[in-house]
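In: here's my sequence, what's the structure:
(one chain, ligands or ions: 2)
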Amino acid sequence: MSTVIAETATSGLVEIHNVHKSFGGVEVLSGIDLTVQPGEVVALLGPSGSGKSTLLRTINHLESVDRGSVTVDGELIGYELRGGRLHELHEREILRRRTQVGIVFQHFNLFPHLTALENIVEAPLALKRLGASDARELALGLLDRVGLADKADAYPRQLSGGQQQRVAIARALALKPKVLLFDEPTSALDPELVGEVLEVISDLARFGTTLIIVTHEIGFARQVADRVVFLDHGTVIEEGRPADVLDHPKHPRTREFLAKVLN
Ligand SMILES: Nc1ncnc2c1ncn2[C@@H]1O[C@H](COP(=O)(O)OP(=O)(O)O)[C@@H](O)[C@H]1O
Ligand SMILES: [Mg+2]
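Out: Ligands and ions are numbered 1, 2, ... in the order given. Presented below is the predicted three-dimensional model:
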């Protein structure tokens, strides 16, 4: 689906190399290796607790790694390499690099006291990327892109879950990230609102932004993903083209997971 764009996209290369992460002595990521090409759309699947959210969070350094590295276009997000060792960067530099990687959460995480438009302009203004009128223009364009041109002045509580999630996507796009991460973007939605959000994500897939999407929507993964990656117990157990992996899973745990999700 995004293959044509993938050939023309020039930035947004994600390289995850041997990433390990433990919480309280329990290893949650056990040596993840994954390269995502510029403009590629990857669906990340796996059972609850397999480490999907943690992996996403290491990509924009909301979570540090114990071992290994994550780079976007060759640049480490949270660290710099000095004298052969990784040193965590200063907060301000982390924030700058983090803007290259947008993330959309299951529960939208909009600011409740700000309107849709104010939610979207907040980061570009705080980072002094744009002046007030340019930021407003950008936000109105993004709201239009997610089908909410008429909701600029609505507060989150006045919007449906699907509309809130579309505002959250517009907000993530406002910083023009090279990579966009979605962590179960439709799991908190009523079934009838899932489609409108998936439609917006499908649309993004066509525009050359690298997308990594954690989802249990198998039909959607099949339709938009260039590649499906299965995580289990903190390791990649199987990956490949959707048609291969979803229809002919090789690993027993992949089969078991798909059987559960599809029923
Ligand atoms: N901040 C944390 N502190 C302690 N344990 C955590 C933390 N974040 C995640 N975990 C644990 O790591 C494991 C993987 O979690 P997660 O990445 O959220 O999995 P998934 O998104 O695949 O459901 C789970 O056992 C979870 O309880
Ligand atoms: Mg999760």
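
In: let me see the ranges of the helices in the protein.
Out: In the chain, the segments counted as helices under DSSP state H are 3-8, 52-59, 91-98, 116-126, 132-145, 161-173, 191-205, 218-224, 242-247, 252-262.

In: report the buried residues of the longest one.
Out: If I follow you right, that is helix 191-205. L193, V194, E196, V197, L198, V200, I201, S202, L204, A205 (16 or more other C-beta atoms under 10 Å). In short, each C-beta sits where N, CA and C put it, glycine included.

In: nearest residue to the middle of this structure?
Out: Central residue of the chain (C-alpha atoms, centre = their mean): L181, 0.5 Å from the mean position.

In: wait, it touches Q100, no?
Out: No: using C-beta atoms under 8 Å, L181 is not in contact with Q100; the gap is 11.2 Å.

In: would you mind listing what in the chain touches ligand 2?
Out: K52, S53 (C-beta under 5 Å from the ion).

In: show me where pLDDT drops low in the chain?
Out: 1-9 (pLDDT under 70).

In: tell me the residue of it that sits nearest ligand 2?
Out: Of all residues in the chain, the one sitting closest to ligand 2 is S53 (3.2 Å; C-beta to the ion).

In: for that residue, give me its contacts.
Out: By C-beta atoms under 8 Å, 6 or more residues apart in numbering, the contact set of S53 is D183, V214.

In: what do you get for the one 10 residues further on?
Out: Contacts of E63 were listed using C-beta under 8 Å, 6+ apart, and they are K21, T54, R57.

In: so which of those is the closest to E239?
Out: T54 (17.9 Å; C-beta to C-beta).

In: the closest one touches K21, doesn't it?
Out: Yes: with contact defined as C-beta under 8 Å, T54 reaches K21; the gap is 5.9 Å.

In: residues of the chain that sit close to ligand 1?
Out: Proximity of the chain to ligand 1 is confined to F23, V28, G46, S48, G49, S50, G51, K52, S53, T54 under the rule C-beta under 6 Å from any ligand atom.

In: what about the closest residue to the third one other than its chain neighbours, neighbour count?
Out: Nearest non-adjacent residue to G46, counting by C-beta to C-beta, 6 or more residues apart in numbering: L231, 3.6 Å away. Applying other C-beta atoms under 10 Å, we find 24 other residues in the vicinity of L231.

In: distance of L231 from A135?
Out: 37 Å (C-beta to C-beta, to the nearest Å).

In: which residue packs closest to K178, ignoring adjacent ones?
Out: G12 (3.9 Å).

In: that neighbour: how many residues sit nearby?
Out: Neighbours of G12 (other C-beta under 10 Å): 23.

In: for the one 5 residues further on, same thing?
Out: Counted with other C-beta under 10 Å, residues neighbouring H17 total 15.
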